[in-house]
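Enquirer: Structure of the sequence below:
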Amino acid sequence: MDSLDFHDRDKFHDECGIFGIYAPERDVARLAFFGLYALQHRGQESAGIATCDGRMAYSHKGMGLVSQVFTEDNLRPLQGHMGIGQNRYSTTGGSHLRNAQPYLIETIYGPLGVAHNGNLTNALHLRYQLLKRGVGLSSTSDSEIITQMLAAPADVWAVERNNLNGQEQDRWVARLRALMQAAEGAYSLTLLTRDAVYAVRDPLGLRPLCLGQLQGGGYVVASESCALGTIGAEYLREVMPGEILRLDKEGVTSFTGYQSQNRALCIFEYVYFARPDSVFEGQVIHEVRQRLGRMLAREAPAAADVVVGVPDSATPAAIGYSLESGLPFTEGLTKNRYIGRTFIQPDDQLRKEGVRIKYNPLEANLKGKRVVLIDDSIVRGNTAGPLVQLIRDGGAKEVHVRVSSPPVTNPCFMGIDMATKKELIGANADIEQIRQRIGAESLAYLSLEGMMDAVTAGIRQQTGHCAACFSGDYPIPIPEWLFRDEREQEKLIFEEMWG
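Expert: Okay, the predicted model is just below:
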């Protein structure tokens, strides 16, 4: 499967969106479908749903978009009053059906389904420990490692003895605590068991997760609050970093999983990943992106006539830039919103014309104008030049590029699909060299300090953010081998595991 989403190829991609629901008397498979539909922006390679009726578990997953994977015929067999689901964009593990989620296996305590958003930085070590114990693995995804660690802890009796007390006779909570003590990196999880749905967020809160309540009864967890609104659920709160939630017939029960004094929500959720109507840390994403644009206008003004945003992700920042600068905002690019992922691969000429397939310039708004073109980020730099040229082709006299985040200079290892450092244009060229490469009259980025100030301005709670892709300051230790290119990594993995 290929993609015609050419502009997004030059962006980071989140690994996935996850969903969980406990709702007696409701069609949970259908609700999970629409929840995943709302989270489609978080992953487009595969989709899956698993449900349980208290005895048996049922599952369907496949490659492609939610609307391609699911039909009335394959949703109907997904019976039960609880379920989990996932949209996937691969980071660890390739784009194959065997890596699609949720994973669903049988355990001594009944079915176990797992959906995961994030990336474990010590997955190699954990994988080796499982294989050494004789646990078979059928995929290359660290999400399967999580599943098997929950199903078969290294010392199950010690795990349950050390993590259970007289008030908490929940073996899955015990196993989740043991996992959280061993796992390093980013993970938000939804678990499906015979009796309950569980939601877990890593101690740093690197990946998002929130809780909602359905009208008439039942509870939902999802990567973003936009999924709650889609199915008519009320947003209650975020799942706290290091917290375990159990959704069952008793309602919602919270457990302390593994605590950290630090917080490190991925800053790129605010810049690009999240849907603009989602709420993080008490803030609507759209409002934060407008603040980023306002800050950018203060730091990097331009002598121009109009402000144009690259649709759709940069539009809020462009509006903010316009409001702060006094320059009028206008649409300069019209987007073909039906160009997305497709099973039809473009030929070489269409690849070269990729930006034109997705966007067309609005000449009436551009002709003879000095244009400020706002984008949210430049990662590899492959599409910034064609976008500038497209604005020129629309008749613009000048093009001044402004970016509502700092230069991306470092790779991410916490669940983001992105280039290696040698592919990041911000790590290998200065701003003047990038300006020349993209062909703009001027180029400026938002500063790291300005970005952080804009993001945190509306937060009224304990917080902290990971901005390692901009600063190189990682919130957790990163194994040296992860900085190597893919071929070197494969060699090191083989040597590490097999000598």
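Enquirer: The helix ranked longest in the chain packs against which elements?
Expert: In the chain, taking DSSP state H as the definition, the longest helix is helix 285-299. The contact analysis (3 or more CB pairs under 8 Å, 6 or more residues apart in numbering; DSSP states H and E) places helix 285-299 against helix 315-325, strand 398-403, helix 448-456. Backbone N, C-alpha and C define where each C-beta goes, glycine included.
Enquirer: ok, 7 Å please
Expert: helix 315-325, helix 448-456 (3 or more CB pairs under 7 Å, 6 or more residues apart in numbering; DSSP states H and E).
Enquirer: could you give the angle of it to strand 398-403?
Expert: If you take axes from the mean of the first three to the mean of the last three CA atoms, to 10 degrees, helix 285-299 sits at 120 degrees to strand 398-403.
Enquirer: now helix 285-299 and helix 448-456, what's the angle there?
Expert: 150 degrees.
Enquirer: relative orientation of helix 285-299 and helix 315-325 in degrees?
Expert: Relative orientation of helix 285-299 and helix 315-325, computed by the same axes, to 10 degrees: 40 degrees.
Enquirer: hmm, who's touching helix 285-299?
Expert: 270, 274-278, 316-321, 323-325, 374, 402, 404, 446-447, 450-451, 453-455, 457-458 (CB atoms under 7 Å, 6 or more residues apart in numbering).
Enquirer: got a list of what the residue at the greatest distance from the centre of the chain touches?
Expert: Outermost residue of the chain with respect to the C-alpha centroid, by CA atoms, centre = their mean, is Gly368; its distance is 39.2 Å. Shown in contact with Gly368 (CB under 7 Å, 6+ apart): 395, 397.
Enquirer: Am I right that it is in a helix?
Expert: No: counting by DSSP: H, G, I helix; E, B strand; the rest coil, Gly368 falls outside a helix, being coil.
Enquirer: can you start the count at 57 instead of 1 from here on
Expert: Renumbered: residue one is now 57, and that last one reads Gly424.
Enquirer: State the distance from it to Cys322.
Expert: Per CB to CB, to the nearest Å, Gly424 is found 41 Å from Cys322.
Enquirer: Skipping its backbone neighbours, what lies nearest Arg154 in space?
Expert: Nearest residue to Arg154, sequence neighbours excluded (CB to CB, 6 or more residues apart in numbering): Ser195, at 4.6 Å.
Enquirer: What pLDDT is listed against the one you found?
Expert: We note a pLDDT of 78 for Ser195 in this prediction.
Enquirer: Could you do Ala210 as well?
Expert: On pLDDT, Ala210 comes in at 77.
Enquirer: again with Phe68
Expert: pLDDT at Phe68 comes out at 50.
Enquirer: any idea which helix or strand of this protein has the worst average confidence?
Expert: strand 58-59 (a mean of 34; mean pLDDT, DSSP states H and E).
Enquirer: any idea how this structure splits into domains?
Expert: Using automatic domain parsing, the domain ranges for the chain come out as 58-318, 335-512.
Enquirer: Is Phe311 located within a helix, as I assumed?
Expert: No: applying three-state DSSP, one finds Phe311 to be strand, outside a helix.
Enquirer: ok, what's across the strand from it?
Expert: Ile300 (DSSP bridges).
Enquirer: Same question for the helix or strand containing Phe90: list its buried residues.
Expert: For Phe90, the host element (DSSP states H and E) is helix 84-94. Judged by neighbour count (16 or more other CB atoms under 10 Å), helix 84-94 contains these buried residues: 84-89, 91-94.
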